[in-house]
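Colleague: Using only what follows, build the 3D model:
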Amino acid sequence: MTLFKQIAIMLSIFLILILTTVLILNFNSANNAVQERLYEDAKNTATSLSLSLGTANGDISVMSTMINANFDSGNYRKIVLEDIQEYEMIGENILYDREIESKQADIPLWFLNLVHIEAPIASANVSAGWSQVGILHIQSDVSYAYTQLYTILINLLISFSILVVLGLIFLYLILSTILKPLKKVQYQAEAVTRNEFIIQSDIPYTEEFKDVVLGINNMVSKMKSMFEKGNEELKRQKELEYSDIPTMLKNRKYLIDKLPEFLKIDAQSKGGINIMIAFNGVVEANETIGHRDVDKLFLNIANIFKAHSSNYPDSIVARMNGTEFSILLPDCNSDEGLELAKGIKEATDTLIDEIGLNTTNTSLSLGLYEYNHTQNIGQLLSLSDNALSKAKFQKSGIHLDVAEDSVEVMGKTAWKTVINKALVTDSFNFATWTAVDTKNKKIAHNVLSLILELENKTYYYGQFMAAANRAEMSNAIYHNVMHKLFKTPDMRLKNSTCSLRLSYEYLQLSTTYEDLQTLLKEYGTKLTLKLILEIPDKLMRQNSKDIKLYKALFEKYHIEIGIYEFIGESIDYNYLKDLRPVYIKGESSYFLTQSDQGLSALRLITDTLGISLIATGVMDMDTLHQLQDKDIHTIQGRATEMVELK
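Modeller: Next up is the predicted model:
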């Protein structure tokens, strides 16, 4: 319960108790006044009537007429005239009396049962000259007193209700004004728990609130400063680790960290050309024009590489060592690659000739290798080096090698038929494995993978997704499994935490957001598991505005987001602060090859934002121990089977 509600309830109860007490006291006072009034009326009437009866000189008929006149014109229950001689035995010698039953007041029965009014009897002597005629007794009727008291009670209740309503409204306004700064303090505190950096500029005037706000502002300023320092340090480390300063190209380490994005089953690019380039005659060039001019030559050649590869958006131009370069051209075919290599060769020969070097001794050799996405990094680099070795013996200085097609279980047409049938029959399901927190020896979350179960056969993600990508059916598969996940959730996963990767292409599809929005609106609140949807780092940093829409949509239904394929290549890491993923997943090789300074800067950012680091592809205990030495404890991969859980 909020402080506002607690104070409001306490003061409201206090206000109602005070007003109730006042109401009771006023009513009791009115009750007493009414009863006193009954006695006073009876006493005054007895006094005045006794004087009038004294003028009758004891004539009973005259006195009875006077008594009748008073009785009929007033509110009396009884008027009794007794003989003075028998006063000691009241009721034994009555000269005259008038008495009626008390009238039934037109008021609720509960009021009659709750309030008791007793009308007192007033007496007065009746004298004729110096002789006493009798004693007059008068008692008022209480029915009109009940009516009067009931009217007073109703008026008091109306006044009480008005005062309570006005009092509560006034109390609400006062508390809202006094506690208004507390709402901002609460908002700021909630932001801190979400690792958000919000500094409150409106400082409350209340001393206690002021101290709290200043304290939180100070803490947030320090967190923000830590993040900015980590951000700047990580950017500086990436420039050092991923850049070749003399040529302003990427280096070998960047290429190796980036290649897993292109060499995987569900890669956006299904293959391409990798060109390994060797600069021949460097020693002669240094002797002829000097080291400084050779460095300028390398820079100009690097610009030629970048210009010729610019038509391929995902191309990577990297300097592998002092004299060798690599140009990765995803989605480039052999004809295009040869044409591009010839253009590079001609442009560099012209440049070399212009600065006075002999192109016979100083030239480039270009080895082209047409790779496919099923190969690993070692195979691609080894076969590319082999193509370069062959190019050095070619007169043209250019040589092309082509990778052998991978052997598939089924042909493309057969796969397309199977996938179509699976979509129609809703045959895609989920398999799970675990991400393990090796420090606490517990499961961090379950990782959902897609499987295809059709006609008593099971096909795993690595078997069918490549064919689905070639047939441009992967988006339809993700659409199918997302609907299945929400409409018919697997009850075996109830109350567990699960992650599911969404592909770059699926999230970029124009209809995906609206489809997920409709799906979550209908089924999002019924989800029986805690879901983390993983988004590729490439999309997070390139299209963070659209991802913010996804994050806002997911947050409505308590769905978190994670990042996968992270290699820290961003020029700015503020997108992590804006999107706040629950974790970052990167290949184990990426974490192991980071410098201590770079990894420390990354940890500073993630610790400040409350983001976990998860290493994927951990296949053995040796790799796990190396990761633990670098303070990376949450892993995915075959090594999780070797971790003893609590």
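Colleague: only C-alpha atoms for contact and neighbour calcs from this point on.
Modeller: OK.
Colleague: so which helix or strand takes in Ile79?
Modeller: Assigning secondary structure by DSSP states H and E places Ile79 in strand 76-83.
Colleague: same thing with Arg37?
Modeller: Using DSSP H and E, Arg37 sits in helix 3-54.
Colleague: Can you name every helix or strand that that helix contacts?
Modeller: Other helices and strands packing on helix 3-54, by 3 or more CA pairs under 8 Å, 6 or more residues apart in numbering; DSSP states H and E, are helix 60-73, strand 121-128, strand 131-140, helix 143-193.
Colleague: tell me the most buried of those?
Modeller: Among the helices and strands packed on helix 3-54, strand 131-140 has the highest mean neighbour count (mean count of other CA atoms under 10 Å), at a mean of 23.
Colleague: now for that strand, which elements pack on it?
Modeller: Judged by 3+ CA pairs under 8 Å, 6+ apart, strand 131-140 is in contact with helix 3-54, strand 76-83, strand 121-128.
Colleague: quick one, the last one and helix 3-54 angle?
Modeller: Spelled out, it's strand 121-128. Angle between the axes of strand 121-128 and helix 3-54 is 20 degrees (criterion: axes from the mean of the first three to the mean of the last three CA atoms, to 10 degrees).
Colleague: Likewise for the second one?
Modeller: Taking the same axes, to 10 degrees, one finds that strand 76-83 is oriented at 30 degrees with respect to helix 3-54.
Colleague: So which elements touch strand 76-83?
Modeller: Counting contacts by 3+ CA pairs under 8 Å, 6+ apart, strand 76-83 packs against helix 60-73, strand 94-99, strand 131-140.
Colleague: Compute the inter-axis angle for that strand and helix 143-193.
Modeller: Using the same axes, to 10 degrees: strand 76-83 against helix 143-193 is 140 degrees.
Colleague: pLDDT of strand 76-83, averaged?
Modeller: Model confidence over strand 76-83, given as mean pLDDT, is 76.
Colleague: repeat for the last one
Modeller: Model confidence over strand 121-128, given as mean pLDDT, is 77.
Colleague: Kindly export that strand (C-alpha atoms) in PDB.
Modeller: The C-alpha trace of strand 121-128 is given here as PDB (Å, rounded to 0.1, in the frame of the first residue of the first chain):
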ATOM      1  CA  ILE A 121     -45.000  15.400  35.100                       C
ATOM      2  CA  ALA A 122     -45.300  19.000  36.200                       C
ATOM      3  CA  SER A 123     -47.600  19.900  39.200                       C
ATOM      4  CA  ALA A 124     -49.100  23.200  40.500                       C
ATOM      5  CA  ASN A 125     -51.500  24.100  43.300                       C
ATOM      6  CA  VAL A 126     -54.900  25.500  42.400                       C
ATOM      7  CA  SER A 127     -56.100  28.100  44.900                       C
ATOM      8  CA  ALA A 128     -59.300  30.100  45.200                       C
END
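Colleague: Give me the distance from that strand to the chain's centre.
Modeller: 88 Å (CA atoms, centre = their mean, to the nearest Å).
Colleague: now do the second one
Modeller: The chain centroid and the centroid of strand 76-83 are separated by 84 Å under CA atoms, centre = their mean.
Colleague: And for that strand, what's in contact with it?
Modeller: For strand 76-83, the surrounding residues in contact (CA atoms under 8 Å, 6 or more residues apart in numbering) are 67, 71, 90-91, 93-102, 133-142.
Colleague: Go again with 7 Å.
Modeller: Contacting residues not belonging to strand 76-83 are listed as 93-102, 133-141 [CA atoms under 7 Å, 6 or more residues apart in numbering].
Colleague: Check the last one too.
Modeller: Residues external to strand 121-128 that are found in contact with it (CA under 7 Å, 6+ apart): 39, 42-43, 46-47, 50-51, 53-55, 57-58, 132-139.
Colleague: which residues does the closest residue to Lys530 other than its chain neighbours contact?
Modeller: In space, and not counting its chain neighbours, Lys530 is closest to Thr497: 4.6 Å by CA to CA, 6 or more residues apart in numbering. With contact set as CA under 7 Å, 6+ apart, Thr497 has these partners: 445-446, 529-531.
Colleague: residues of stretch 464-484 that come out buried?
Modeller: Of the residues in stretch 464-484, 464-469, 473-475, 477-478, 480-484 count as buried by neighbour count, 16 or more other CA atoms under 10 Å.
Colleague: again, but for stretch 551-565
Modeller: Quick answer for stretch 551-565 (16+ other CA under 10 Å): 551, 553-554, 557, 559-565.
Colleague: end-to-end on that stretch?
Modeller: Stretch 551-565 has an end-to-end distance of 18 Å (CA to CA, to the nearest Å).
Colleague: mean confidence score for it?
Modeller: So the average pLDDT for stretch 551-565 ends up being 93.
Colleague: Next: stretch 599-608.
Modeller: Confidence for stretch 599-608, expressed as mean pLDDT, is 88.
Colleague: Just the C-alpha atoms of it, please, in CSV.
Modeller: Taking C-alpha atoms only, stretch 599-608 is exported to CSV below (Å, rounded to 0.1, in the frame of the first residue of the first chain):
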residue,chain,number,x,y,z
LEU,A,599,36.4,-6.8,-21.6
SER,A,600,36.6,-4.6,-18.5
ALA,A,601,35.0,-1.7,-20.4
LEU,A,602,32.2,-4.0,-21.6
ARG,A,603,31.7,-5.3,-18.1
LEU,A,604,31.5,-1.7,-16.8
ILE,A,605,28.7,-1.0,-19.2
THR,A,606,26.8,-4.2,-18.6
ASP,A,607,27.1,-4.1,-14.8
THR,A,608,25.9,-0.5,-14.8
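Colleague: next one: stretch 508-527 to chain centre, how far?
Modeller: With CA atoms, centre = their mean, you get 17 Å for stretch 508-527.
Colleague: ugh, typo on my part, it should be stretch 631-642
Modeller: Worked out by CA atoms, centre = their mean, stretch 631-642 lies 29 Å from the chain centre.
Colleague: Tell me the buried residues in it?
Modeller: Neighbour-count burial for stretch 631-642, counted by 16+ other CA under 10 Å, picks out 632-640.
Colleague: Output the below-cut-off pLDDT ranges for the stretch 301-450 of the chain.
Modeller: Filtered on pLDDT under 70, the stretch 301-450 of the chain yields the residue ranges 405-411.
Colleague: Reformat the helices and strands packed on helix 3-54 as JSON lines; add distance to Ser310.
Modeller: Below are these laid out as JSON lines (distance: least, CA to CA, whole Å):
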{"stretch": "helix 60-73", "distance to Ser310": "116"}
{"stretch": "strand 121-128", "distance to Ser310": "116"}
{"stretch": "strand 131-140", "distance to Ser310": "112"}
{"stretch": "helix 143-193", "distance to Ser310": "43"}
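Colleague: quick one: which of the buried residues of stretch 551-565 sit in helices?
Modeller: 551, 553-554 (DSSP state H).
Colleague: okay, the residues you listed in CSV with distance to Ile398 next?
Modeller: Below are those laid out as CSV (distance: CA to CA, whole Å):
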residue, distance to Ile398
Lys551, 48
Leu553, 52
Phe554, 51
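Colleague: and the residue nearest to Lys530, what pLDDT?
Modeller: pLDDT, Thr497: 93.
Colleague: I'd like the numbering to begin with 562 instead of 1 from here.
Modeller: Right, with 562 as the first residue, what we last looked at is Thr1058.
Colleague: Going through the contacts of Thr1058, which ones are buried?
Modeller: Of the contacts of Thr1058, these count as buried by 16+ other CA under 10 Å: 1006-1007, 1090-1092.
Colleague: which residues sit in contact with Phe840?
Modeller: Contacts of Phe840 (CA under 7 Å, 6+ apart): 884-885, 924-926.
Colleague: so it bridges to which residues?
Modeller: Judged by DSSP bridges, the bridge partners of Phe840 are Leu925.
Colleague: What separation do you get for it and Glu907?
Modeller: Taking CA to CA, one finds Phe840 at 14 Å from Glu907.
Colleague: same question, Val985
Modeller: Val985 is 54 Å from Glu907, by CA to CA.
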